[in-house]
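In: Return a 3D structure for these sequence lines:
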Amino acid sequence: MSIIVTIIVGFIVGLIARAIMPGNQAMGWIMTTILGIVGSLVASYGGAALGLYPAGSPVGWIASIIGAIVVLFLYGLVTKKG
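Out: Here you go, the predicted model:
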């Protein structure tokens, strides 16, 4: 997969994850893209390593969004100002 496709998919996954996650996530489009890319990588390698689904299957999109939501949650915990 080329780097441009990875960035576009990461941005789309990051936007969907931010839309699903409740609350206000104050981050720009670059952080949204990084969030989506990291979530997709975590879900892709994690799901393949556990044997949950083969690489390139449609369930990978759903797993990528779930992975991005988890990364977004962890990001919120780390950057939380209290």
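In: Gly14 against Ala68, yeah?
Out: Yes: counting by CB atoms under 8 Å, Ala68 is a contact partner of Gly14 at 5.8 Å. (C-beta placed from N, C-alpha, C; glycine too.)
In: Give me the common contacts of those two.
Out: 35-36, 39 (CB atoms under 8 Å, 6 or more residues apart in numbering).
In: Quick check: of the residues you listed, which lies closest to Ala63?
Out: Proximity of those to Ala63 (CB to CB) peaks at Gly39, which lies at 9.0 Å.
In: what's around Thr6, how many residues?
Out: Neighbour count of Thr6, defined by other CB atoms under 10 Å: 15.
In: out of everything not next to it in sequence, what's closest to it?
Out: Ile37 (6.3 Å; CB to CB, 6 or more residues apart in numbering).
In: ok so, going back, which single one of the shared contacts of Gly14 and Ala68 is nearest to Ile8?
Out: Gly36 (9.5 Å).
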